[in-house]
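*Asks:* Provide a 3D model corresponding to the input given below.
(one chain, ligands or ions: 2)
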Amino acid sequence: MRRLPPNRERFFWQEVRAVCKESRVLQGRAFCQHGDTSVYQHSLHVTYESCLFAERYHLPVDYSALIRGALLHDYFLYDWHDKTHMHKRPHGFYHPKAALKNAMEDFALTEKEQNIIKRHMFPLTIIPPGCIEAWIVCFVDKVCSTKETLYRGKILRRRPLLRASKLRKTG
Ligand SMILES: [Fe+2]
Ligand SMILES: [Fe+2]
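*Replies:* Numbering: from 1, shown residues only. Ligands and ions are numbered 1, 2, ... in the order given. A predicted model of the protein is given here:
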């Protein structure tokens, strides 16, 4: 199983803890995303895999923006399976805006971080990502979502750092 180098891994968890502490990201543990994966687990999964992708291909990314943007990319804070919820617009089109709105309430996000959240549903939403970090999250999100749907909990159980004990530590 691929892991980030130790210094990058430390930085990863430092950033994740800071975001969790200052926001409502942990509320995502109560909402299901795909299969039996919660929105929080999915966001963490996408964030870690995005860092691995950047690391693997030696891409010149801003890791802080990548981590913060990826962790907040699905920060919509509602159960999208609940059809009685007040969001009437189709979730796929609507949720990047909802996520960005919530994220802007909690953080002063950089342009790059905003772009990661706003553009992650391309090509469903027409405007493409505007920076390398946003392209990475847009691509990795689709890979992770597919794996979570196909393999359900198995995909996260195979990733030791995303298992419940680590998640509890973060919470
Ligand atoms: Fe999304
Ligand atoms: Fe996502």
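
*Asks:* which residues does the helix or strand harbouring Cys138 contact?
*Replies:* Per DSSP states H and E: Cys138 is located in helix 132-151. If you take CB atoms under 8 Å, 6 or more residues apart in numbering as the criterion, helix 132-151 is touched by 33-35, 37, 42, 45-46, 49-50, 53-54, 59-62, 65-66, 69-70, 73, 112, 115-116, 119-122, 128-129, 155-156. C-betas here are computed from N, CA, C, even on glycine.

*Asks:* how far away from the center of its chain is stretch 102-116?
*Replies:* 13 Å (CA atoms, centre = their mean, to the nearest Å).

*Asks:* any idea of the mean pLDDT for that stretch?
*Replies:* For stretch 102-116, the mean per-residue pLDDT is 97.

*Asks:* ok, now stretch 146-165?
*Replies:* 68.

*Asks:* helix/strand/coil for the spatially most central residue of the chain?
*Replies:* Closest residue to the average C-alpha location of the chain: Ser43 at 2.9 Å, with CA atoms, centre = their mean. Under DSSP: H, G, I helix; E, B strand; the rest coil, Ser43 falls in the helix class.

*Asks:* buried subset of the contacts of helix 132-151 as a PyMOL selection?
*Replies:* Only the buried entries of the contacts of helix 132-151 go into this PyMOL selection, using 16 or more other CB atoms under 10 Å:
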select buried, resi 33+34+35+37+42+45+46+49+50+53+54+61+62+65+66+69+70+73+112+115+116+119+120+121+122+129+155+156
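
*Asks:* so which of the contacts of helix 132-151 are in strands?
*Replies:* Among the contacts of helix 132-151, the members falling in strands are Gln33, His34, Thr37 (criterion: DSSP state E).

*Asks:* which stretches of this structure have low pLDDT?
*Replies:* 84-88, 153-171 (pLDDT under 70).

*Asks:* so who does Leu52 touch?
*Replies:* Leu52 touches Arg2, Leu4, counting by CB under 8 Å, 6+ apart.

*Asks:* all helices for this structure, in order.
*Replies:* 6-21, 39-56, 63-71, 91-106, 111-118, 132-151, 154-157, 164-170 (DSSP state H).

*Asks:* for Lys83, which of these is the nearest?
*Replies:* The closest of these to Lys83 is helix 91-106. By CB to CB, the value is 10.0 Å.

*Asks:* is ligand 2 contacted by the helix holding Cys138?
*Replies:* Yes - using CB under 5 Å from the ion, helix 132-151 reaches ligand 2 at Asp141.
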